Structures are given as structure tokens and as C-alpha cells.
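Chemist: Build me a structure from this.
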Amino acid sequence: MMSQQETKEHRHLMSTSRRTFLQTLGAAAAAGSASRLRADEPAPSRLKLREFHYSDVTITSGPLKRQYDRIHAHFLSLDNDRLLKVYRQRAGLPAPGDDMGGWYDADGFVPGHALGQFISALSRMYATTGDEACRAKVQTLVQGFGATLGPQDYPYASEKAAVTWPCYILDKYEIGLLDACRLSGVAAARDLLPRVIRGAIPHLPDHTYDRGPNSPKQAPYDEPYILPENLFHSYELTGERQFLDMARLYLLDREYFEPLAQNRNVLPGKHAYSHVIALSSAAKAYQSLGDPKHLEAIRNAWDMLASTQQFASGGWGPKETFVEPHQGKLAESLTATRDHFETPCGAYAHTKLARYLLQFTGDGRYGDGLEQVLYNTILAAKDPGADGEYFYYSDYQALAQKKYYKRKWPCCAGTLAQTVSDYPIDIYFHSPDAIWVNLFTPSEVRWRARSIPVRLLQHTNYPDAGSAELRVTVAAPVEFAIKVRIPAWLSAPPRAAVNGKSVDFAVDRGFASIRRRWKNNDTLELTLPFGLRTLPIDDRNRDIVALMAGPLLLVAINPRGDLSATALPLPRSVQPLSQTASAYTMTVNGQQLVFAPFYSVRDEVYTTYFRSA
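Modeler: Next up, the predicted model:
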């Protein structure tokens, strides 16, 4: 708690008038505009691929579908009065319902923090499923939130939130209102968005800064540099130049994006999640403004993550911090902490960045990375509890068990909902003359090729089996390409057949292209050979490895004792446990070890890393 003197000092520092603040924004924007392209240049011109709309894709079965349905039901069941209570209390309105508790209440760690994320996820789920209950809930939450703003449009749930977390929480409000408007058709959200941003301005810093020891004492965890992505989106929706100026102001160019663009690894020591989610602001800046340094920054940052920071799951950031590379720090973390990956938050940041890079480059390696994180982190998250209990950290220590976070309603509650609700847009992309298949999961996508409606239906048992069938439904024959991601981890060359006849194909930047004049009910059959392999934890400890089957991280279930000192003949002595599931076995010192996909683990004890012989 701050003392009265500290509170007065903070109010003095943060009480910049709207006029002064907007003058600062204008000056900053003018200073930087000469080197940037026009903001009104069509953003799609920078995209090689495009995302499908949520409504264009349906997941029909499989593990992604099962988790999606559970998360859909869970967040739909949250009580509206409880979600709005802390806002109504602050506004002096009747506030029925039980307190939320945990992080969410007025005296919690981040009061009211996840409301915008819940609105965002429910809007995305409505767009995908057409579930009117989702849209009704979004509308109720938007209207209920709007009713608490008052004459000054004060958006925060408490003074603590406005003092300690103004940027972090504003970013969540923005995406909630943007999605409510664009995906759920809630007109009130479009009107509310400018009010909320302007109501927050007196509480925002007048410059960007990196989270760390130089952060203002009153806001040690706040993250102004995450704001630009959704400020660019707010400008696109409203046309209000002020929001574009704010987006430019808060870009963390000097301290972060410019060194990354020069391929200087400035990740070590930084807070892991916030500095990966910030890369989406750089990505959106490149799409909106066209400065190539932002594209170089995110490409280089991805390479740094992949080569120096990632566990076999694709996760990163033990104790929420990037490690010094080439020092064996990831291996050290296996015994130093159980907080290895801030899972829903990190997965949200990682999959967003992968989608941006896929769209900018058309390079399949970003799809490989998206798949690795999706199957082994977010799909592996423990389902939420009945009252604010959420999975937070993936634990890669020996003899671990999946557990809930120590406080209710942590940040990972909001990102769990958002990451899972994005599954449909992770699967397919499109370009003017091609559908791009990024993930292999039972699903359907709807598209138009040369103005002719096309449906592509995917049937597969992936990831338990390395094959998939794509069936084309068209009203009339039409030429286009189906481009399929060819994972880099394949154990043998892939094969393809059209209507049962083998076809040759070229692979460019990780995607195979099959172009033809497609007729109704044509089928494309794919064979993607799986194989077992090991991944070392880091370059200083290549004998400490995780076992992989295709894209899946395999863990030993309920092993008897710690195996870290036992050299195991991996993967050569591992055999399939059955012909129908991704489970494997080996015998070690008379003990039968069973390896199963990490995403399938529920309450079992498991071990992730082993010493290789």
C-alpha cells in the first residue's frame, strides 16, 4: 500500500491535463512521421497471407474441439453480476452478486483486470459458433461496464487499478470493445471505445518505458509498450487520429524494437510474457506504418526465442524471465523452479506472433512454432476450476503435477479464454489464389475462388496419426492451389495423392503446393510420417533431453522415482504402446515407463526431461 504522501506525489505526476497530454502526443507523432509511410496506406498490401474470419472456420472434432467446447461452456457460465460487481461498487451503483476474490476485487492484485478479455473471447466464440448466448452475454457486459463510467468516463475498477495498472488494463478494455463491435455486432461497444480511451488518458504516462528497474515506483508492473497494437486497431475502427498518435507514442522502439532489428539479443533478463506480447505491437506497427525495422525486430526476436529460450514444449521464460543464452540456464531451471512457462499468457503471445509472421512471410516455420506451442502448452493446460482456479505455470521438473495458481482469477484466466477462442484462425490462411493449411485437425473452412464458393473439409486423427484427407466441395470446377504446411520434424518425405493417385509437389518455404482445377468431392490425401526424436534442453546440456513424437512432447507418466541420474537409450529403445494412440513404452531397470502426450496428462505425476545415453 502507498502512503498518503506517495499517493499525492503519484497523483501529481499522473495528473497531466488532457490538453497537455494530447500536445505531447502530437509532438511525438510529428517527430516520427517523416520516416514512416502513411498510416492510411492499405495494410493488406504488406500481407502475403490473410487470416480467415472466425465465422469461416468450424472445428468439427478432435482434441482442439474438445477443449474449445469446455472453455466455451466455462466462460459462458461466469456470472455477469460478479464480473461487474467491482465496477459497480466503484461507481456507487447497486452491486449484486458475490465478490470475485483473488486478483479481481478492488483490493486484489489487478482489480477488474480480465473483463475486457472475457468480452473479447466470448465475442470470438460467438463469431465462430453463432451461439446467441455468447452474444447476449457480451452485450450485457458491455452495457453494464458502460453504465459505470460516470461523467468523467473513468474506466477503472478502483483507484489502485488506475494507479498501478492503467496501461495493462486499458489494453484489455480496448480488445474487448473492439471484438464486441467487430465480431458480435454490439453497437454500444463502438461508441464506448473512444470514451474509455479518453477516460484513461489522465492516468497514462506521457511516454513509453520498458518494464524493469526504471519503471515508475507507483507502477512497477505496468506495460505501456503493449498498448500500440490495439490503439492501431482503435484508429482503424474509429478513424480518430488521436489513437494513431498514441499508438506511435508508446512503441518501444529505442529500448527494444531497434536493437532487435539490428539482431542484438536484448531479451535476457526481461519479463518474458510482456516482451513477447509487445512484439504484436511491433507487428501491427509494421502492418499499419510500413517501417521495415518492426518486421526485422519480430523476425529476429522469433529466432532468438527458438534458438536460445525454448523448452521442448515451445514454452519459454522460467520464473517469467528470459535467460542468458549459451550458459546452461534452461537446464539449471529444471531444479531451481517449478514456474517454467506462464502458459496461457505465453501461448497467447506466441500464437499471435506466429500468425503475424505467417501472414507477412508465408514461411511454414512459423506454423511449426505455432503448432509446437499449441499442442504442448495451451492444449495441455489444466481445465479451470469452479470458482476462479486457473492453470498458470507449466512445470518441467521431475515428478511434477499440474496445479492451479495460488491466487484466484490470475491473468492467465483472460488469456486462456482468448487463446482457445483463436483456434479457428490458427488452422487456415488464404491468399488470392490459394488456401493454406497450417494445422491438421478435423475442421471445415469456407472460401471463394474466382467468385465460386469453396468448402474444404479436413478429416484426420492427427496428432495421433500422421495423415489427413482434405475434401473439396465446389459448385463448379475451379482452379486454385491448396498449400499444406510440411513440418520440419518429419521423419521421412511426405506424400500426397489426389483422388487416390500419387502426385508430385513442390515445397517452398515449408509449404507444399498442389494446384489444379478442383472438382466437387475431389480429395487430397496427405501422409506426414511421424518419428520419435529427442530435443536437448540447451546447447550446454545436450544429454538432457525431452522425447518428441511428431509435434508432441511426450512425458513419462507416474514413474517410480527420479530418473534424472539414469542414462536412458532414447529414442531407440522406445516402442509404441498400441496402434491407436500416441503412447509409448520402454523398460528401464525392470520398470516399465509409459510415455504419453503432455496434453493428455490430467492429475498424473510426470517427468519431462531425461538424461540420454
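Chemist: Quick check: residue 418 vs residue 121, distance?
Modeler: 5 Å (C-beta to C-beta, to the nearest Å). Just so you know, the C-beta spots here come from the backbone N, C-alpha and C atoms, and that holds for glycine as well.
Chemist: One more: residue 441?
Modeler: Where residue 121 is concerned, residue 441 sits at a distance of 19 Å (C-beta to C-beta).
Chemist: re earlier: looking at residue 418 and residue 121 now, which is surrounded by more residues?
Modeler: Neighbour tally, residue 418 and residue 121, criterion other C-beta atoms under 10 Å: the higher count belongs to residue 121, 29 against 25.
Chemist: Mind telling me what element the residue lying closest to residue 119 once chain neighbours are set aside is part of?
Modeler: On the basis of C-beta to C-beta, 6 or more residues apart in numbering, the spatially nearest residue to residue 119 that is not a chain neighbour turns out to be residue 176, at 3.5 Å. Assignment of secondary structure by DSSP states H and E places residue 176 within helix 166-184.
Chemist: Return the list of helices and strands in contact with that helix.
Modeler: helix 115-129, helix 132-146, helix 187-200, helix 228-238 (3 or more C-beta pairs under 8 Å, 6 or more residues apart in numbering; DSSP states H and E).
Chemist: Please identify the most buried of the ones you listed.
Modeler: Comparing those on average neighbours per residue, with mean count of other C-beta atoms under 10 Å, the densest one is helix 115-129 at a mean of 27.
Chemist: Now that helix: average pLDDT?
Modeler: In this model, helix 115-129 has a mean pLDDT of 98.
Chemist: any idea of the angle it forms with helix 166-184?
Modeler: Calculated by axes from the mean of the first three to the mean of the last three C-alpha atoms, to 10 degrees, helix 115-129 forms an angle of 20 degrees with helix 166-184.
Chemist: what angle sits between helix 115-129 and helix 132-146?
Modeler: Our comparison of helix 115-129 with helix 132-146, counting by the same axes, to 10 degrees, yields an angle of 150 degrees.
Chemist: Stretch 535-551: end-to-end distance?
Modeler: End-to-end span of stretch 535-551 (C-alpha to C-alpha, to the nearest Å): 12 Å.
Chemist: can you check stretch 516-528 too?
Modeler: From the first residue to the last, stretch 516-528 extends over 21 Å; the measure is C-alpha to C-alpha.
Chemist: residues in contact with the spatially closest residue to residue 532 that is not a sequence neighbour?
Modeler: Beyond its immediate neighbours in the sequence, the residue positioned closest to residue 532 (C-beta to C-beta, 6+ apart) is residue 571, lying 3.8 Å away. For residue 571, the contacting residues are 532-534, 547, by C-beta atoms under 8 Å, 6 or more residues apart in numbering.
Chemist: Would you mark the buried spots in the helix holding residue 176?
Modeler: Within helix 166-184, the residues that qualify as buried by neighbour count (16 or more other C-beta atoms under 10 Å) are 166-184.
Chemist: List just the one of the helices and strands packed on helix 166-184 that sits closest to residue 406.
Modeler: Within the helices and strands packed on helix 166-184, the stretch nearest residue 406 is helix 115-129; the backing value is 20.3 Å (C-beta to C-beta).
Chemist: excluding its backbone neighbours, what's nearest residue 88?
Modeler: Counting by C-beta to C-beta, 6+ apart, residue 95 is the residue found nearest to residue 88 once chain neighbours are left out, at 3.9 Å.
Chemist: Checking my notes, that neighbour in a helix, right?
Modeler: No. Read with DSSP: H, G, I helix; E, B strand; the rest coil, residue 95 is coil and lies in no helix.
Chemist: Give me the distance between it and residue 80.
Modeler: Taken as C-beta to C-beta, the spacing of residue 95 relative to residue 80 amounts to 12 Å.
Chemist: Let me see the ranges of the helices in the stretch 301-450 of the chain.
Modeler: According to DSSP state H, counting those that start in this stretch, the stretch 301-450 of the chain carries its helices in the segments 329-336, 343-361, 364-373, 411-421, 423-427.
Chemist: will you turn these into CSV that also has mean pLDDT and distance to residue 276?
Modeler: Formatted as CSV, the entries for those read as follows, by pLDDT from 0 to 100; distance: least, C-beta to C-beta, whole Å:
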stretch, mean pLDDT, distance to residue 276
helix 329-336, 98, 16
helix 343-361, 98, 4
helix 364-373, 98, 11
helix 411-421, 98, 12
helix 423-427, 98, 16
